[in-house]
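Asks: Okay, predicted coordinates and the sequence, questions at the end:
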Amino acid sequence: MAFMFLSMMAIGITSCDNDDKGNPNPGGEEIETAWVIGYRVETPQGRVYYLETHENIPSETNTSEAVELGLNSRIYSYGENPYTWNGDAATITKWEVNKSTLELTAIGIISFSSTGVSGNIAAPAFISETQAYTTNLAEGVVVEWNPSTMEITEVHNVDAFPDLGVDGLLFEFNKEVTADGKILIPIETNELGFCCDYPAGVAGARTAIFDPETATVTYNIDNRLIGSDNSHYTDPVTGTRYAVPVWGNSLVPAYLNNPETLPNPHSLLKVNNDGTFDASYEYNLDDVLDITLYFGTSFIYDNKIVFTYVGDDYTWGSFDDRYTILYTGNFKAALVDLETNEVKPFDAFSDYTSARAFGIIDGKPFINASAIDSDGNETGFLLKQNAIDDYTEVTKHVGGDIEHFNKLW
């Protein structure tokens with residue numbers, strides 16, 4: 001069955017034909033540069049995911065030129081190959097990109113269905129061309145696999161997330177391979193969709209660090225921040241890594257009966273290479289700015305943080321209408337100097353609802369921005385950062401968010 005599936009994928013699935021790509025040398029000379037873009041489209045049936053490859057970054061995505069991956073998918077890349085996750089089937093597919101035509105062909109598939117890894121899982125951590133790790137720490141499972149042969153090497157049983165008494169509260173998305181070969185994972189405490197009292201034991205920024213040498217995981221917690229975002233933000237100038245607030249928990253104190261027992265939801269913490277938190281550092285953004293909703297971190301650069309927020313000029317609705325703020329709130333962006341406490345408006349993102357660091361690609365920093373209209377419709381943008389307040393719009397995607405972007409070669 002697996003062989004038949006791969007054969008059908010290899011024969012029948014391509015991203016587009018040569019003319020659609022505008023490739024000047026179909027089947028001839030190799031194309032010098034290739035970019036991969038993965039994105040999702042919001043539909044009544046759910047989020048449908050797509051994958052495109054291009055010689056030059058297009059000004060806008062085009063689903064007619066893309067591979068449709070279907071629902072419940074994720075998109076990654078490592079080296080010259082894209083990889084896609086199918087959450088329903090619990091499989092990872094490896095794709096080959098033809099260097100003359102940029103056609104996409106599925107060349108390998110791994111099933112994780114018998115490992116305890118399925119559904120909406122975290123992205124893999126690629127150590128090398130032959131070593132990668134896919135995790136489901138909620139179940140205490142770390143799967144080691146070989147991207148070259150597309151075979152599972154070993155399934156490691158590790159300590160699972162501590163039970164907080166609330167199902168589906170903790171989850172992981174992003175990973176970082178540290179200089180000593182360990183895998184550092186920020187853990188997001190999911191927003192609480194109920195009122196009254198915040199559950200005991202839930203509060204706290206958390207990290208996990210997996211050691212491939214010993215196949216063990218260590219968890220760290222710091223109760224000076226209610227949860228944290230599912231990404232760490234590293235200052236490219238100072239090298240300092242920060243845990244930042246998460247938007248869902250930014251709303252917690254306004255709707256719960258026990259805010260006096262909770263940590264501040266708008267603090268910054270420093271994260272060490274071993275996953276622990278710097279006990280000597282906490283920066284409370286509420287001390288310098290009135291924040292009702294901390295929506296998203298744009299970036300941290302040279303001891304300055306830029307983030308999107310809603311100030312104290314928003315009138316709260318009922319508990320059931322708490323998400324109204326996401327569409328009607330007076331969104332602003334601020335730059336806060338973490339050394340001098342100086343606060344400045346940041347107007348470079350004034351056309352967007354939110355913007356956040358996407359990563360360093362081909363030596364240049366990129367920002368993933370989005371704009372949400374009054375009807376809740378989203379357009380995603382990729383911006384190249386030229387300076388702290390200067391950006392070039394590289395591409396956009398109408399109808400959803402850009403999930404992945406990278407240079408393959």
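Replies: Thanks, I have it.
Asks: contacts, neighbours, all on C-alpha from now
Replies: OK.
Asks: Break down the stretch 1-150 of the chain into its strands, ranges please.
Replies: 35-43, 46-54, 67-71, 73-78, 81-86, 91-97, 104-111, 125-128, 131-136, 141-146 (DSSP state E, counting those that start in this stretch).
Asks: Put the alpha carbons of the fifth one into CSV.
Replies: Once non-C-alpha atoms are left out, strand 81-86 reads as follows in CSV (Å, rounded to 0.1, in the frame of the first residue of the first chain):
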residue,chain,number,x,y,z
ASN,A,81,13.7,19.4,0.6
PRO,A,82,10.3,20.4,1.8
TYR,A,83,8.5,18.1,4.3
THR,A,84,4.8,18.1,5.0
TRP,A,85,2.8,16.6,7.9
ASN,A,86,-0.6,15.1,7.5
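Asks: list the helices and strands that strand packs on?
Replies: Applying 3 or more Cα pairs under 8 Å, 6 or more residues apart in numbering; DSSP states H and E, we find strand 81-86 packed against strand 73-78, strand 91-97.
Asks: out of those, which comes closest to residue 370?
Replies: Residue 370 sits nearest to strand 73-78 of all those, at 18.6 Å, using Cα to Cα.
Asks: What segments of this structure are helices?
Replies: Shown for the chain, the helices assigned by DSSP state H span residues 2-12, 18-21, 247-250, 252-255, 325-328.
Asks: re earlier: columns distance to residue 137 and mean pLDDT on top of the helices and strands packed on strand 81-86, output as JSON lines?
Replies: Below are the helices and strands packed on strand 81-86 laid out as JSON lines (distance: least, Cα to Cα, whole Å; pLDDT from 0 to 100):
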{"stretch": "strand 73-78", "distance to residue 137": "18", "mean pLDDT": "94"}
{"stretch": "strand 91-97", "distance to residue 137": "18", "mean pLDDT": "97"}
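Asks: For residue 404, find the nearest of these.
Replies: That would be strand 73-78 among those, by Cα to Cα, at 6.2 Å.
Asks: What pairs with that closest one, parallel or antiparallel?
Replies: Using DSSP bridges, the strands paired with strand 73-78 are strand 81-86 (antiparallel).
Asks: buried sites along the strand it pairs with?
Replies: 81-86 (16 or more other Cα atoms under 10 Å).
Asks: again, but for stretch 206-226
Replies: 206-210, 212, 217-222, 224-226.
Asks: Among these, which lie within strands?
Replies: Residues of these located in strands (DSSP state E): 206-210, 217-222.
Asks: just these now: which is nearest residue 276?
Replies: residue 220 (5.8 Å).
Asks: my guess is that closest one contacts residue 210, does it?
Replies: No - when contacts are counted by Cα atoms under 8 Å, residue 220 is not listed as touching residue 210 (11.7 Å).
Asks: so how far does stretch 58-73 reach from one end to the other?
Replies: Start-to-end span of stretch 58-73 (Cα to Cα, to the nearest Å) is 22 Å.
Asks: Distance from that stretch to the middle of the chain?
Replies: Computed by Cα atoms, centre = their mean, to the nearest Å, the chain-centroid distance of stretch 58-73 equals 18 Å.
Asks: And stretch 143-151, by the same measure?
Replies: 23 Å.
Asks: which other residues reach that stretch?
Replies: 94, 108-110, 115, 129-135, 152-156 (Cα atoms under 8 Å, 6 or more residues apart in numbering).
Asks: Give me the buried subset of the residues you listed.
Replies: 94, 108-110, 115, 132-135, 152, 155-156.
Asks: of all those residues, which comes closest to residue 243?
Replies: So of the buried ones among the contacts of stretch 143-151, ranked by how close each gets to residue 243 (Cα to Cα), first place is residue 135, at 20.7 Å.
Asks: Verify the stated contact: the closest one with residue 116.
Replies: No - if you go by Cα under 8 Å, residue 135 and residue 116 don't touch, sitting 9.3 Å apart.
Asks: Give me the common contacts of those two.
Replies: Common neighbours of residue 135 and residue 116 (Cα under 8 Å, 6+ apart) are residue 141.
Asks: Tell me where the model's unsure across the stretch 301-409 of the chain.
Replies: By pLDDT under 70, the weakly predicted segments of the stretch 301-409 of the chain are 315-329.
Asks: for the stretch 301-409 of the chain, what spans make up the strands?
Replies: Using DSSP E, counting those that start in this stretch, strands in the stretch 301-409 of the chain cover 304-310, 331-337, 343-345, 354-361, 364-372, 378-387, 390-398, 402-407.
Asks: Can you pick out the most distant pair from the ones in strands among the buried residues of stretch 206-226?
Replies: Farthest pair in these, by Cα to Cα: 210 and 222, 18.3 Å.
Asks: re earlier: which stretch among the helices and strands packed on strand 81-86 comes nearest residue 302?
Replies: Of all those, strand 73-78 comes closest under Cα to Cα, at 28.6 Å.
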